[in-house]
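K.L.:
how would this look folded up:
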Amino acid sequence: MLSIEAGVPGTVRIAGRLDAAQCPTVQAYLDKLAGTVTLDCRELKYISSAGLGVLLKTQKRLMAAGGKLRLTEVSRHLRDIFQYSGFDQIFDIEPAGE
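P.N.:
I've put the predicted structure just below:
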């Protein structure tokens, strides 16, 4: 199960598992956003390669318009996934307060 919703202004909270089945919903939500967006990942438990693709597509779109996607409260497990995939070079990633 996955949920995605607006948090404080400029922030989006995502929780659960971002896998291929959830990607269309997440992409549709993120496609409505502009500027610099902070994705609060404190409750994100899993991300698949398809989920990484959604974040990459969103990052490219936002950067083309002068914005960006920032990831905050990223768990150690998810940080490892971002590092192995090289995505830590693409996103501003703030680790969770561990």
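K.L.:
Parallel or antiparallel, list what pairs with the lengthiest strand in the chain.
P.N.:
Criterion DSSP state E: the longest strand present in the chain is strand 36-47. Applying DSSP bridges, strand 36-47 is found paired with strand 11-18 (parallel), strand 68-74 (parallel).
K.L.:
Same question for that strand: list its buried residues.
P.N.:
By neighbour count with 16 or more other Cβ atoms under 10 Å, strand 36-47 contains the buried residues 37-41, 44, 47. Backbone N, C-alpha and C define where each C-beta goes, glycine included.
K.L.:
C-alpha coordinates for it, CSV please?
P.N.:
Provided in CSV are the C-alpha atoms of strand 36-47 (Å, rounded to 0.1, in the frame of the first residue of the first chain):
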residue,chain,number,x,y,z
THR,A,36,11.4,23.0,-5.9
VAL,A,37,9.6,20.1,-4.3
THR,A,38,10.7,18.3,-1.1
LEU,A,39,9.7,14.6,-1.0
ASP,A,40,9.4,13.5,2.7
CYS,A,41,10.5,9.8,2.6
ARG,A,42,10.4,9.1,6.3
GLU,A,43,7.5,6.5,5.8
LEU,A,44,8.7,5.2,2.4
LYS,A,45,9.7,1.6,3.1
TYR,A,46,10.6,0.3,-0.4
ILE,A,47,11.3,1.7,-3.9
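K.L.:
where does this structure have low pLDDT?
P.N.:
For the chain, the stretches with pLDDT under 70 are 98.
K.L.:
Quick one: the helices in it, in order.
P.N.:
23-30, 49-64, 76-85 (DSSP state H).
K.L.:
name the helices or strands packed onto the shortest one?
P.N.:
When contacts are defined as 3 or more Cβ pairs under 8 Å, 6 or more residues apart in numbering; DSSP states H and E, helix 23-30 packs onto strand 2-6, strand 11-18, helix 49-64.
K.L.:
change it to 6 Å
P.N.:
Contacts defined by 3 or more Cβ pairs under 6 Å, 6 or more residues apart in numbering; DSSP states H and E place helix 23-30 against helix 49-64.
K.L.:
and if you look at the longest one?
P.N.:
Judged by 3+ Cβ pairs under 6 Å, 6+ apart, helix 49-64 is in contact with helix 23-30, strand 68-74.
K.L.:
Cool, thanks, talk later.
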